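*Asks:* Give me coordinates for this.
(one chain, ligands or ions: 1)
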Amino acid sequence: MKKRDLLNRRDLIKKATLATGSFFIVPRHVLGKGFTAPSDRLGLAAIGAGGKGRSDITNAWHEGANNVVALCDVDVSQCKATVEKFPKAKFYADFRKMLEDHNDDIDAVTISTPDHTHGIIAMAAMSLGKHVYVQKPLTHNIYESRMLTEQARKYKIVSQMGNQGASNPGQQQMIEWFNEGKIGSVNKVDVWTDRPVWPQGIPVPKEKFALPATMTKEAWDLFIGPAVMVDYHPLYHPFKWRGWWNFGTGALGDMGCHLIDPPFRVLQLGYPTEVQCSVGQVFTEDWVPEYIPEGCPPSSRVEIRFPPSSVNPVELKMTWHDGGLRPFHPDLVPADDFLGGQGSTNGVMMTGEKGIMTCGTYGLNPQIYLKNGDKLMMPESFKANNHHAEVSEYGHQLLWTEACKEGFNGVKHKGLTSSFDYSGPLTETVLMGNLAIRSYMLGKKGNNQRGRLDFPGRKKLRWDGASMRITNFDEANQFVKRDYRRGWEIKV
Ligand SMILES: NC(=O)c1ccc[n+]([C@@H]2O[C@H](COP(=O)([O-])OP(=O)(O)OC[C@H]3O[C@@H](n4cnc5c(N)ncnc54)[C@H](O)[C@@H]3O)[C@@H](O)[C@H]2O)c1
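*Replies:* A predicted model of the protein is given here:
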């Protein structure tokens, strides 16, 4: 019954939005120019209202274009500013209770919790017909990304992943340049980041900490969600969960969906076919390497191979560098030109037959260095012509709310730069890198002379994207999907 009501309501919102000046509760002309009729507003809720959640819900609210009905967070100390900004929104610690209580007046939710809870929360919201904006990486593992992509279609909801650079005009410029044949076919891509910028590659913490006064035991249970239960520790919450596989997705998960996005989009890449990597070691004792399979490594280099695509007719090798390592500076780029833009600590470089195309984070500073010596930069007019260039985070959240009002498969939905049809396969590709890293770190008691561990997963892994399987090392397939804590299994 509730679902039916929700759909009817959404239908009405759509009609009211499409028919300019149409009468619905309060006609817009009565309110005057610049006012949004209550009926034209989406009912929004934020799950994860601290950290990135604050700007996600604020940008989706867009100075009152939409109505923030409820906020959900497990730690009141993290989301104080958001609660103060939206004093009328009802506050919850448990997203399940919030969705149940507000099924009638929530149309869409922003989900900005740590990576390990994106999948389960998004699935719960989508199954109630709510549109979802989910932070990057879309999910914690490849299986969840595939499920979310399929279920968004099944529930006919409008989705967007929070890689806001996707809506940056810089990306559009790179697509145009590539399609005009400026750099020719690309067979080599380098992507690099300064992440991790939090403690990573460190031993599992053993000290005991009391829960912060701002969190209840139930709230900690909700933070853990589908993960393996561990006691609270400040090395997990807030923010530092990134460095532990139980919760986070390491450097790749943090920046991969921003930085692999431009080549994935411009070159229209699909599932990769092969992946291999190398990861940094940790020593807390002379000559004795630490073995910390619970933690993401301090640094890694990952090579991912792609077959030719419909726009790029050659095979492609993409190399990911993290921990602050950068690719070697190419001859074509003048020594005093900073790769990725001045001062940029992250970047992208696509090497083509005729030249090199680079950009920084979020598709910023797109540039081309041609073999004939010419250098191309994005003209200001290109940026200015982009509809939402002046809106916070390139209008990435606003565009999603506009698409929600129009409805599933509408023109605006199809125009979104990171709906799950695109961001699902992108996230799977990013998480392929993590699958390789975790396989590389898979130690087994060895038969070697010194009784050290053997590492059977340190080889090139072959991927069958359609069936979501590594075909030449079965043990790697344990990283396609996680083990879910009882009661937190993802139900499709
Ligand atoms: N797009 C971007 O530029 C960008 C930037 C930062 C973070 N992120 C992404 O946003 C997400 C959050 O990262 P962060 O840096 O804000 O982390 P954070 O730990 O600083 O904040 C997470 C917030 O979610 C709350 N939370 C945790 N579990 C919850 C649950 N089960 N239910 C409700 N609330 C819960 C926390 O209390 C906290 O307020 C991550 O997926 C991250 O990758 C994206």
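
*Asks:* My reading is that residue 324 lies in a strand. Confirm?
*Replies:* No. Counting by DSSP: H, G, I helix; E, B strand; the rest coil, residue 324 is not part of a strand but coil.

*Asks:* Contact partners for it?
*Replies:* Applying Cβ atoms under 8 Å, 6 or more residues apart in numbering to residue 324 gives the contacts 194, 299, 345. Using the backbone N, CA and C atoms, a C-beta is placed for each residue, glycine as well.

*Asks:* Give me the pLDDT for it.
*Replies:* Looking at residue 324, its pLDDT stands at 96.

*Asks:* What's the separation between it and residue 251?
*Replies:* 10 Å (Cβ to Cβ, to the nearest Å).

*Asks:* Touching both of those two, which residues are there?
*Replies:* residue 299.

*Asks:* Give me the neighbour count for residue 193.
*Replies:* Per other Cβ atoms under 10 Å, the neighbour tally for residue 193 reads 25.

*Asks:* do residue 311 as well
*Replies:* 14.

*Asks:* what's the closest non-adjacent residue to the most centrally placed residue in the chain?
*Replies:* By Cα atoms, centre = their mean, the mean C-alpha position of the chain lies nearest to residue 136, the distance being 1.4 Å. Distance criterion Cβ to Cβ, 6 or more residues apart in numbering; nearest residue to residue 136, sequence neighbours excluded, is residue 257 at 3.7 Å.

*Asks:* give me the number of residues near that neighbour?
*Replies:* Count around residue 257 with other Cβ under 10 Å applied: 27.

*Asks:* ok, residues contacting the helix or strand harbouring it?
*Replies:* Using DSSP states H and E, residue 257 maps to helix 250-259. For helix 250-259, contacts defined as Cβ under 8 Å, 6+ apart pick out 115, 136-138, 140, 161, 163, 165, 191-193, 195-196, 200, 242-243, 248, 296-297, 299-300, 302, 320, 322-323, 346-348, 361-362, 423, 426-427, 430-431, 433-434, 437.

*Asks:* Near the ligand, list only the ones from those.
*Replies:* 115, 136 (Cβ under 6 Å from any ligand atom).

*Asks:* where does the closest residue to residue 188 other than its chain neighbours fall, helix, sheet strand or coil?
*Replies:* Leaving aside its chain neighbours, residue 188 sits nearest to residue 351 (4.1 Å; criterion: Cβ to Cβ, 6+ apart). Assigned by three-state DSSP, the conformation of residue 351 is strand.

*Asks:* Tell me how many other residues surround residue 351.
*Replies:* For residue 351, using other Cβ under 10 Å, the count is 21.

*Asks:* my guess is it contacts residue 189, does it?
*Replies:* Yes. Using Cβ atoms under 8 Å, residue 351 makes contact with residue 189 at a distance of 7.2 Å.

*Asks:* what does the stretch 151-300 of the chain put close to the ligand?
*Replies:* 162, 164, 222-223, 225, 238-239, 254.

*Asks:* Among these, which one sits closest to residue 415?
*Replies:* Of all these, residue 415 sits closest to residue 164, with 15.5 Å by Cβ to Cβ.

*Asks:* so who does that closest one touch?
*Replies:* Counting by Cβ under 8 Å, 6+ apart, residue 164 has contacts 362, 393-394, 396-397.

*Asks:* all strands for the stretch 51-200 of the chain, in order.
*Replies:* Along the stretch 51-200 of the chain, counting by DSSP state E, counting those that start in this stretch, strands occupy 67-72, 90-92, 108-111, 131-134, 159-161, 186-192.

*Asks:* ok, now the stretch 201-350 of the chain?
*Replies:* 274-279, 283-285, 288-289, 300-306, 316-321, 347-352.

*Asks:* what about residue 202, neighbour count?
*Replies:* For residue 202, using other Cβ under 10 Å, the count is 17.

*Asks:* what's the answer for residue 237, then?
*Replies:* 20.

*Asks:* I would like a PyMOL command selecting only the buried ones among the contacts of residue 324, please.
*Replies:* Here is the PyMOL command that picks out the buried ones among the contacts of residue 324, judged by 16 or more other Cβ atoms under 10 Å:
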select buried, resi 194+299
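
*Asks:* Can you tell me which of the contacts of residue 324 is nearest residue 266?
*Replies:* Checking the contacts of residue 324 against residue 266 by Cβ to Cβ gives residue 345 as the nearest, at 21.8 Å.

*Asks:* show me what contacts that closest one?
*Replies:* 193-194, 324.

*Asks:* before we move on, what about residue 101?
*Replies:* Residue 101 makes contact with 70, 90, 92 under the criterion Cβ under 8 Å, 6+ apart.

*Asks:* who's the second one bridged to?
*Replies:* Just to be clear, that refers to residue 90. residue 70 (DSSP bridges).

*Asks:* Please export the C-alpha coordinates of the helix ranked longest in the chain as PDB.
*Replies:* Taking DSSP state H as the criterion, the chain has its longest helix at helix 420-440. The C-alpha trace of helix 420-440 is given here as PDB (Å, rounded to 0.1, in the frame of the first residue of the first chain):
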ATOM      1  CA  PHE A 420      24.700   2.800 -11.700                       C
ATOM      2  CA  ASP A 421      24.600   1.600 -15.300                       C
ATOM      3  CA  TYR A 422      27.900   3.400 -15.700                       C
ATOM      4  CA  SER A 423      29.300   3.600 -12.100                       C
ATOM      5  CA  GLY A 424      28.600  -0.100 -11.400                       C
ATOM      6  CA  PRO A 425      31.000  -1.400 -14.000                       C
ATOM      7  CA  LEU A 426      33.500   1.400 -13.100                       C
ATOM      8  CA  THR A 427      33.500   0.400  -9.500                       C
ATOM      9  CA  GLU A 428      33.900  -3.300 -10.400                       C
ATOM     10  CA  THR A 429      37.000  -2.300 -12.300                       C
ATOM     11  CA  VAL A 430      38.400  -0.300  -9.400                       C
ATOM     12  CA  LEU A 431      37.700  -3.200  -7.000                       C
ATOM     13  CA  MET A 432      39.400  -5.600  -9.500                       C
ATOM     14  CA  GLY A 433      42.600  -3.900  -8.400                       C
ATOM     15  CA  ASN A 434      41.700  -4.700  -4.700                       C
ATOM     16  CA  LEU A 435      41.000  -8.300  -5.600                       C
ATOM     17  CA  ALA A 436      44.500  -8.500  -7.100                       C
ATOM     18  CA  ILE A 437      46.000  -6.800  -4.000                       C
ATOM     19  CA  ARG A 438      44.300  -9.100  -1.600                       C
ATOM     20  CA  SER A 439      45.300 -12.100  -3.700                       C
ATOM     21  CA  TYR A 440      48.900 -10.900  -3.700                       C
END
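
*Asks:* Remind me what the helix or strand just after it packs against, helices and strands.
*Replies:* As assigned by DSSP H and E, the chain's next helix or strand after helix 420-440 is strand 444-445. Strand 444-445 makes packing contacts with strand 453-454 when contacts are defined by 3 or more Cβ pairs under 8 Å, 6 or more residues apart in numbering; DSSP states H and E.

*Asks:* Which neighbours in the sheet does the strand it packs on have, and how are they oriented?
*Replies:* strand 444-445 (antiparallel).

*Asks:* which residues are contacting the partner strand?
*Replies:* 451, 453-456.
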